[in-house]
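Engineer: This is the structure alone, sequence omitted:
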């Protein structure tokens with residue numbers, strides 16, 4: 001008779017987010033967290049369909065005692081924006097959210113965190129960390145912005161309870177009033193930060209030779225960035241990563257090598273770049289009137305432009321683009337998806353009049369498109385998502 005048997009079971013826990021995060025009578029959804037962290041427990045969340053995912057993310061990381069910066073939350077292999085909701089991502093009852101560990105090097109951990117600031121407000125760079133340690137987060141914040149905004153972000157990123165900590169100016173050991181600004185305390189800029197960014201394996205093929213490139217910024221940005229990337233990796237990966245890191249729209253900057261614009265679909269090998277070469281990043285001089293009506297994308301010297309409208313099928317709202325006739329349309333599509341917070345991989349673009357699916361690698365000339373032509377997009381059916 002077997003008196004004892006060793007049984008190993010996974011613990012399933014259902015967490016109902018508190019009423020403070022869920023509006024009255026709001027419809028709820030049940031979501032499963034699929035953990036890749038070797039954590040023994042299985043978690044399910046019962047939450048409002050319009051509740052931002054940041055509530056789930058903060059609750060989960062605190063429960064399993066990991067820092068926010070060490071994990072990523074994905075749905076259908078795409079990162080989840082913490083401010084989005086289940087309704088925004090069209091999730092259904094029983095859908096799974098993947099939790100994976102972020103492999104972050106020390107250099108990437110100290111990448112600049114840029115906080116929103118008022119138009120024209122002068123920025124300052126500040127380092128924030130635990131007293132007596134050398135580990136800091138680097139922030140860019142407006143000189144007239146109350147420091148409380150920085151403290152709240154820091155506490156959130158490091159899983160601390162904001163109400164239970166105090167912040168001091170290190171050299172003067174002065175307790176900081178969160179309602180005051182860096183200018184109130186006559187604080188000085190921190191040192192320029194050099195950051196090495198290794199593009200993730202998803203963008204680099206197995207055993208592909210890599211190259212180290214320096215981004216020479218003319219944007220008055222305090223950080224210096226270096227990219228370690230595959231020699232055959234298209235520059236669009238670097239361009240998208242960099243503009244998101246420093247929080248500028250794609251259309252507001254140009255990337256040049258030897259004073260010539262870089263085609264986003266070209267690679268380091270295609271341009272015959274060598275280790276240590278510099279890429280110049282410059283601001284595009286766009287008048288205020290054009291900025292509000294026309295999004296002008298970079299084009300090669302002498303390349304003829306075309307004006308195209310892009311919008312959701314069945315609506316009258318469009319964004320107006322100026323793009324080179326020989327530039328692959330994918331560059332326009334990536335910019336549009338980025339501006340409108342869409343997942344590029346989950347939508348398709350069509351020529352409206354002909355209802356023709358567009359190959360992103362082709363150009364407007366390939367399709368004999370005319371000025372003022374309309375491109376519309378539709379989401380892929382859910383069963384087509386990979």
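Structural biologist: Sure, I can see it. Small disclaimer: the values here were computed from a predicted structure and weren't measured.

Engineer: Tell me where the model's unsure across the stretch 51-200 of the chain.
Structural biologist: Scanning the stretch 51-200 of the chain for pLDDT under 70 picks out 67-70, 102-112, 117, 119-120, 132-134, 159, 189-196, 200.

Engineer: where do the helices sit along it?
Structural biologist: Assigned by DSSP state H, counting those that start in this stretch, the helices in the stretch 51-200 of the chain fall at 53-64, 106-109, 148-157.

Engineer: hmm, who's touching the longest one?
Structural biologist: What it means is helix 53-64. Helix 53-64 has contacts (CB atoms under 8 Å, 6 or more residues apart in numbering) with 15, 17, 21, 31, 33, 37, 39, 41, 43, 45, 47, 67-68, 71, 73, 80-86, 97, 99, 156, 159. Where you see a C-beta, it was placed from the backbone N, CA and C, and this is true even at glycine.

Engineer: Between helix 148-157 and that helix, find me the angle.
Structural biologist: Counting by axes from the mean of the first three to the mean of the last three CA atoms, to 10 degrees, helix 53-64 lies at 50 degrees to helix 148-157.

Engineer: Look at the spatially most central residue of the chain and report its pLDDT.
Structural biologist: Nearest to the geometric centre of the chain sits residue 244, at 5.3 Å (CA atoms, centre = their mean). pLDDT, residue 244: 77.

Engineer: can you tell me the helix or strand for it?
Structural biologist: Element membership for residue 244, per DSSP states H and E: helix 235-245.

Engineer: buried stuff in that helix?
Structural biologist: 235, 236, 237, 238, 239, 240, 241, 242, 243, 245 (16 or more other CB atoms under 10 Å).

Engineer: Contacts only, for the first one.
Structural biologist: So the one you mean is residue 235. Neighbouring residues of residue 235 by CB under 8 Å, 6+ apart: 255, 262, 263, 264, 265, 266, 267, 268.

Engineer: Then the second one?
Structural biologist: Contacts of residue 236 were listed using CB under 8 Å, 6+ apart, and they are 264, 265, 330, 331, 334.

Engineer: Same question for residue 309.
Structural biologist: Residue 309 sits in contact with 318, 319, 320, 321, 372, 373, 374, 375, where contact means CB under 8 Å, 6+ apart.

Engineer: Next one: it from residue 358, what distance?
Structural biologist: For residue 309, the distance to residue 358 (CB to CB, to the nearest Å) stands at 14 Å.

Engineer: Now do the shared contacts for these two.
Structural biologist: Shared contacts of residue 309 and residue 358, counting by CB under 8 Å, 6+ apart, come down to residue 375.

Engineer: Can you give me the domain assignment for this structure?
Structural biologist: The record's domain split for the chain, according to automatic domain parsing, is 11-101, 107-175, 194-283, 290-384.

Engineer: for those, which one sits closest to residue 188?
Structural biologist: Nearest to residue 188, of all those, is domain 107-175, at 7.9 Å by CB to CB.

Engineer: chain center to the closest one, what's the gap?
Structural biologist: Relative to the centre of its chain, domain 107-175 is centred 20 Å away, using CA atoms, centre = their mean, to the nearest Å.

Engineer: List the contacts of stretch 254-265.
Structural biologist: Around stretch 254-265, the neighbours that count as contacts under CB under 8 Å, 6+ apart are 234-236, 238-239, 271, 273, 277, 279-284, 298-301, 327-328, 330-331, 334, 361.

Engineer: close enough to count as contact, residue 214 and residue 281?
Structural biologist: No - using CB atoms under 8 Å, residue 214 is not in contact with residue 281, being 10.5 Å away.

Engineer: neighbour-wise, which of the two wins?
Structural biologist: A count of neighbours by other CB atoms under 10 Å puts residue 281 above the other of residue 214 and residue 281, at 21 against 15.

Engineer: How about the contacts made by residue 280?
Structural biologist: Residue 280 is in contact with 216, 218, 255, 256, 257, 259, counting by CB under 8 Å, 6+ apart.

Engineer: Can you tell me the strand partners of the host helix or strand of it and which way each runs?
Structural biologist: Under the criterion of DSSP H and E, residue 280 resides in strand 278-283. The sheet places strand 278-283 alongside strand 210-217 (parallel), strand 253-257 (antiparallel), with pairing taken from DSSP bridges.

Engineer: Take those strands and write them to JSON lines, including mean pLDDT.
Structural biologist: Below are those laid out as JSON lines (pLDDT from 0 to 100):
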{"stretch": "strand 210-217", "mean pLDDT": "82"}
{"stretch": "strand 253-257", "mean pLDDT": "86"}
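
Engineer: Format these as CSV; extra columns: distance to residue 338.
Structural biologist: Formatted as CSV, these follow (distance: least, CB to CB, whole Å):
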stretch, distance to residue 338
strand 210-217, 19
strand 253-257, 13
